[in-house]
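In: For reference, the sequence and a predicted model appear below.
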Amino acid sequence: MNRMHGTTIVAVHRDGISALAGDGQVTLGDTIVKTSAIKVRALADGAVLTGFAGATADAFTLLEKFESYLSSSKNNLLKASVDMVKEWRTDRVLRNLEAMMIVADAERILMISGVGDVVSPDDQVAATGSGGPYAQAAALALLKNTDLSAEEIVRKSIEIAASIDIYTSGNATVLTVSDQDEEEDDTEDKA
């Protein structure tokens, strides 16, 4: 039986804002079965964003694990990511999961893989999935050559990837988090 696949996730950090976009297409073989799947999530009351590519059940298992580590680390993105990867690599069941995750907060973007990688990209652009290379190239070009916002860049990058990759739809779900969000939360707590 053919496996369902088809995901493009792209993240960009610019000017204190991280934006993460995921396309909505799911395919079975050469047939589109859904164009509006949501493959990005906001965690920790919106302070952390995550997007995933790979087998759906595997991705949701990892998402739950990551959310647990995020909570226990008091929303420390790097610590939660490293701790989750340690378990992912050493647990007999988890090590067979086929998925990739991109996580972001207001300061950074990280790519997390099942081979034990937690990578912070140099250019603050990360992408994964079938259209990932196209979206990443588009995002890098837009980041380096335009004044577009992080949100505009990820949205446009999904559109560009969709024009090249048959497994990417142009239907993007976009989430953002900024350092202003954290400042507003601090102000509310003091009031």
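Out: Arrived safely.

In: Would you point out which residue is most central in the protein?
Out: Most central in the chain under CA atoms, centre = their mean is residue 51, positioned 2.9 Å from the mean C-alpha point.

In: Please name the spatially closest residue to it (chain neighbours excluded).
Out: Nearest residue to residue 51, sequence neighbours excluded (CB to CB, 6 or more residues apart in numbering): residue 9, at 3.7 Å. Bear in mind the C-beta positions are built from the backbone N, C-alpha and C, glycine included.

In: Kindly confirm my reading that the one you found forms part of a helix.
Out: No. Secondary structure of residue 9 (DSSP: H, G, I helix; E, B strand; the rest coil): strand, not part of a helix.

In: quick one: it and residue 80, what's the gap?
Out: Counting by CB to CB, to the nearest Å, the gap from residue 9 to residue 80 is 18 Å.

In: what about the spatially closest residue to residue 88 that is not a sequence neighbour, neighbour count?
Out: Leaving aside its sequence neighbours, residue 88 sits nearest to residue 94 (CB to CB, 6+ apart; 4.9 Å). Per other CB atoms under 10 Å, the neighbour tally for residue 94 reads 17.

In: so residue 94 touches residue 87, yeah?
Out: Yes. Residue 94 is within contact range of residue 87, at 6.1 Å (criterion: CB atoms under 8 Å).
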